[in-house]
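**Q** Fold the following.
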Amino acid sequence: MTSFLDGFRAAEDKNSFLRIAGIPFHKEGPDGLTMHLVDAAITSNWQIGTASPAFASRELVYLPYPGKMIAERETMTFTYVSLTHREDVGLQDVLKVAS
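**A** I've put the predicted structure just below:
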């Protein structure tokens, strides 16, 4: 997935890159109307800690990560719209449909 994101960022013609990758520019919506691809977003997130239920308490146990354990995660989302619906679809789901 990282190579796809890097390729998309580097592509001079983003539409052609998506077409060659097999990303659909149209899909059928839940009401039968055609939904059109209008946006592609890449988001970066960093998990800096974890929280889990504590034993015999209503509080969470919070464990911040040491600096070396903090890792970046990137996701890509495609937004499709029709007159009546909007759907945000992750890159992995779009690639499943494309293959």
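
**Q** where in this protein is pLDDT low?
**A** Scanning the chain for pLDDT under 70 picks out the ranges 98-99.

**Q** That one: strands as residue ranges?
**A** Along the chain, counting by DSSP state E, strands occupy 26-28, 34-47, 49-53, 60-64, 71-81, 86-90.

**Q** Ok, which of those strands comes nearest residue 12?
**A** For the strands of the chain, proximity to residue 12 was assessed by C-beta to C-beta; strand 34-47 is nearest, at 15.1 Å. Backbone N, C-alpha and C define where each C-beta goes, glycine included.

**Q** tell me what that closest one is packed against?
**A** helix 2-10, helix 14-20, strand 26-28, strand 71-81 (3 or more C-beta pairs under 8 Å, 6 or more residues apart in numbering; DSSP states H and E).

**Q** Quick one: the ones you listed as CSV, columns for distance to residue 87 too.
**A** Compiled in CSV, the helices and strands packed on strand 34-47 are given as follows (distance: least, C-beta to C-beta, whole Å):
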stretch, distance to residue 87
helix 2-10, 20
helix 14-20, 17
strand 26-28, 8
strand 71-81, 5
